[in-house]
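>>> Provide a 3D model corresponding to the input given below.
(chains A and B)
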2 protein chains.
Amino acid sequence: MKRTKIIDLFRPELLGKEVCVMGWVRTRRGNKHVQFVALNDGSTVKNVQIVFDMAQFTDEQLKPITTGAAIKVDGTLVESMGKGQSVEIQAGALEIFGTADPETYPLQKKGHTLEFLREKAHLRPRTNTFGAILRVRSALAFAIHKFFQERGFFYLNTPLITASDCEGAGAMFQVTTLDLNNLPKNEDGKVDYSADFFGKSTALTVSGQLEGELGATALGAIYTFGPTFRAENSNTPRHLSEFWMIEPEVAFFDITDNMDLAEDFIKYCIRYALDNCRDDIDFLAEHYDNELVDRLKFVLDNEFVRLSYTDGVRILEESKHKFEFPVYWGADLQSEHERYLVEEHFKKPVILTDYPKEIKAFYMKLNDDNKTVRAMDVLFPKIGEIIGGSEREENYDKLSARIEELDIPMKDMWWYLDTRRFGTVPHAGFGLGFERLVLFVTGMTNIRDVIPFPRTPNNAEF
Amino acid sequence: MKRTKIIDLFRPELLGKEVCVMGWVRTRRGNKHVQFVALNDGSTVKNVQIVFDMAQFTDEQLKPITTGAAIKVDGTLVESMGKGQSVEIQAGALEIFGTADPETYPLQKKGHTLEFLREKAHLRPRTNTFGAILRVRSALAFAIHKFFQERGFFYLNTPLITASDCEGAGAMFQVTTLDLNNLPKNEDGKVDYSADFFGKSTALTVSGQLEGELGATALGAIYTFGPTFRAENSNTPRHLSEFWMIEPEVAFFDITDNMDLAEDFIKYCIRYALDNCRDDIDFLAEHYDNELVDRLKFVLDNEFVRLSYTDGVRILEESKHKFEFPVYWGADLQSEHERYLVEEHFKKPVILTDYPKEIKAFYMKLNDDNKTVRAMDVLFPKIGEIIGGSEREENYDKLSARIEELDIPMKDMWWYLDTRRFGTVPHAGFGLGFERLVLFVTGMTNIRDVIPFPRTPNNAEF
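Model (predicted):
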């Protein structure tokens, strides 16, 4: 018989029909007359209850049905009298695919801490919590592609291995095929990178933006969505050494277009998750964060407030609120400041613009005041900054001057500067750390819980 | 006035209306009465013709309009009398965003070789050819996500940085934050990796499959789509050091389900490209490969022939065809053999199954003959193998025995073996190198031309 996924069992036309399900056992309970098995196949957070009439099955047959075992059941789909489910399956035939020894299988039915499950990242997708998170993550990834493709953006795969280290967004991982126990050396005793795979020293990218600008100034509108790396030794619930980033970049866009795009984009993603993953989000809300759905709707239902960094700092200074970090014009805002503006002052998501040039990247467009740049950060409840972006400096002379001022090695930048040398255009873009979005939509608090196999200092398991 | 993308100009309701377009100049020609500018904005391979009535404009105004310059034009959209276009714009106002000095701008209007353009990978997306290729690539990427998401597969992001090197699919790039000019050493004089970022030696992944199996045996059906790395020193038109791979993996699937999925999948992608990128494909067909559309339709219109490797080898042996490489049972088939079966013998795409275990990976399910494994390779015209996959060995004892036989370090494999230890299920999957698919659909012949910034030995520019 053809298998039916559990998510597809809840259709009225299947009631009374013979079905075949396959999945992993979550629990078994019952008595000598009847046994109940909760089965999950990963297609949904919902289990289906299988009812074994023990007049038809022997104890011996059901003995391998322990938590974690994989089975196949043919049976009749019927209305359920029990609470917590609408339908159940009256088992007709049983096949055991694989057992799970209760002595050694780590995921017994009792709840596990998230910390414990991080050590079992190879098995945690089999839990309700991580099943839900990974399904939401997958839906959000698709929403991102769908949003941009529907608007005529082209997906651009920027390189992971790079020989330029001038973006300055963070510490980098070196990539090499040299034998570290037998390194080729120059005459001066230094490592001879001309013998390395790419003929020079290379590293993993910290951002695809610069290459994204090459794409945007040719195809008009592009987005990247790929892995990005930071070699900072940060052991925090907000940092990963390997994470996924989305970076749209659009020719002929100014900062207002860019803000409109960012707001539409993030609302679209959240709405898509609510429309397509409601069971998973409700499960996570119930178990981890009962304000989750309200918070998601808060973002959907409010127009984002737009104001300058300067005005934002003034509000913070005048608030008399006691912050851990001091706030003053020129300070890099901390998450506590950002959250105060969003959660306490405006009670709406906020977009701050026109930051001091000193705390922003070299490629951002300088305002006429010569002090601020056309940056825009989108600030959210609970997490603070979720998106950072800007209009880009399209003027060759101003950009070169800024590069010199910051001592960025010009020889690595010739190709980037060519976009301003030849047919330069106004353009803008932004970056979103994908895991920050998944954190926000799932209500989880540790970023290691929203990526399947987290990489952090001293951890590259699985 | 609001900008209209060039791709949106060809709508009847816009005729006679005022429009605003922005883009890059491809060519300018004309006389002292009228000047014609071909403008492209990357949204389509089509240019729009801008007509400048020189009674309204001065030579001085139009002087900066050279190939590569970026301009904004307000004007009236009218039917075109010229050939090659249905509409054109009668220019009303002109703004120059950025000039492109004809003395130094590398992309003058004369045709460039693909080799030359590879050296200018930062600018080549501005050419018709690379615009077309990158738009097709983007559409194919979206088709892949759409196909799997519509069928209930979850997108799983497997890690890029890995500490296990047991897949054996290829040479690996090492990832490190150690200072190569000042390496920490053990007592025995070897590099001390406990001081490295992850506390051990790490490398870039050669495949996400093993982690994909972890996902599939929890969520039921997953697919990966991400960058993959091979450090082989292969300078060929078919190899990249950094490329993108798609790897679906499905619980409860056997080899037949897997073949059905692969055939549906690849036909879906090709159909999507034909339906959504016809202008680009026609452009590439006209300029590079006039059999392209026929070849794409050949795949769509034919059921793939399915036969065993053993039968395939027999056909090749009996063909009396003179091959460069000898063919015999046990040989790893070369592209010439694969293409003979597809193009000469069957005149249909072919799926070969049940290969000798010696030439396939350790995780493939052993057949009862103890000699062959349940592998399946999809073979295409022009390129040979496009997909490789298999049913996986789900039996713990058989898989362990194979791992020992091949001397794969067991200590690195405990987490993978746990999928067989606990609730093991039949499952199958396959891998597709994304660039191979883009090559096939664009008709290009060098893989460096279907990825924006190719990484190959001695080349990590941009």
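
>>> any weak-confidence spans in the stretch 101-250 of chain A?
A:109, A:165-169 (pLDDT under 70).

>>> quick one, helices of it?
Taking DSSP state H, counting those that start in this stretch as the test, the helices found in the stretch 101-250 of chain A are A:114-119, A:128-150, A:209-219.

>>> what packs against the first one?
In terms of contact count using 3 or more CB pairs under 8 Å, 6 or more residues apart in numbering or on different chains; DSSP states H and E, helix A:114-119 is assigned the packing partners helix A:128-150. Every residue, glycine included, has its C-beta placed from N, CA and C.

>>> where's the helix it packs on relative to the chain centroid, distance-wise?
On the basis of CA atoms, centre = their mean, to the nearest Å, helix A:128-150 sits 9 Å off its chain's mean C-alpha point.

>>> Give me the distance between residue A:233 and residue B:409.
Distance, residue A:233 to residue B:409, using CB to CB, to the nearest Å: 28 Å.

>>> Looking at these two, which is more packed in?
residue A:233 (13 against 10; other CB atoms under 10 Å in any protein chain shown).

>>> how about the nearest residue to that one, chain neighbours excluded?
Residue nearest to residue A:233 in three dimensions, not counting chain neighbours: residue A:457, with 5.1 Å by CB to CB, 6 or more residues apart in numbering or on different chains.

>>> Spit out the contact partners of that neighbour.
Contacts of residue A:457 were listed using CB atoms under 8 Å, 6 or more residues apart in numbering or on different chains, and they are A:233, A:234, A:235, A:241, B:197, B:198.

>>> sorry, back to before: so which of the helices of the stretch 101-250 of chain A is the most packed in?
Each of the helices of the stretch 101-250 of chain A was scored by mean neighbour count; the highest is helix A:209-219, a mean of 26, by mean count of other CB atoms under 10 Å in any protein chain shown.

>>> by how many degrees do it and helix B:128-150 diverge?
Going by axes from the mean of the first three to the mean of the last three CA atoms, to 10 degrees, helix A:209-219 is angled at 110 degrees with respect to helix B:128-150.

>>> Tell me the helices and strands packed up against helix A:209-219.
In terms of contact count using 3+ CB pairs under 8 Å, 6+ apart, helix A:209-219 is assigned the packing partners strand A:221-229, strand A:242-251, helix A:414-421, strand A:427-433, helix B:128-150.

>>> Just tell me which of the ones you listed ends up closest to residue B:353.
Comparing the helices and strands packed on helix A:209-219 against residue B:353 with CB to CB, the closest turns out to be helix B:128-150 (22.5 Å).

>>> Specify the angle between the closest one and strand B:221-229 in degrees.
Inter-element angle recorded for helix B:128-150 and strand B:221-229: 150 degrees (by the same axes, to 10 degrees).

>>> ok, and does stretch A:154-161 reach over to chain B?
Yes - Stretch A:154-161 lies in contact with chain B when judged by CB under 8 Å from any CB of the partner chain; the contacting residues are A:154, A:155, A:156, A:157, A:158, A:159, A:160, A:161.

>>> nearest spatial neighbour of the residue in the stretch 251-400 of chain A that chain B sits nearest to, skipping sequence neighbours?
Scanning the stretch 251-400 of chain A for the residue nearest chain B gives residue A:252, at 4.8 Å (criterion: CB to the nearest CB). Closest residue to residue A:252 apart from its sequence neighbours, by CB to CB, 6+ apart: residue B:22 at 4.8 Å.

>>> With only the CA atoms kept, save the host helix or strand of that neighbour in PDB.
In this structure, residue B:22 sits in strand B:18-30 according to DSSP states H and E. Output of strand B:18-30 as PDB, limited to C-alpha atoms (Å, rounded to 0.1, in the frame of the first residue of the first chain):
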ATOM      1  CA  GLU B  18       5.200  58.600 -20.300                       C
ATOM      2  CA  VAL B  19       7.800  56.300 -18.800                       C
ATOM      3  CA  CYS B  20      11.100  56.500 -17.000                       C
ATOM      4  CA  VAL B  21      13.800  54.000 -17.600                       C
ATOM      5  CA  MET B  22      17.300  53.600 -16.100                       C
ATOM      6  CA  GLY B  23      20.100  51.400 -17.300                       C
ATOM      7  CA  TRP B  24      23.400  50.900 -19.000                       C
ATOM      8  CA  VAL B  25      24.100  52.000 -22.600                       C
ATOM      9  CA  ARG B  26      24.900  49.100 -24.900                       C
ATOM     10  CA  THR B  27      25.400  51.100 -28.100                       C
ATOM     11  CA  ARG B  28      24.700  54.500 -29.600                       C
ATOM     12  CA  ARG B  29      24.400  55.300 -33.300                       C
ATOM     13  CA  GLY B  30      22.700  57.800 -35.600                       C
END
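
>>> Okay then, goodbye and thanks.
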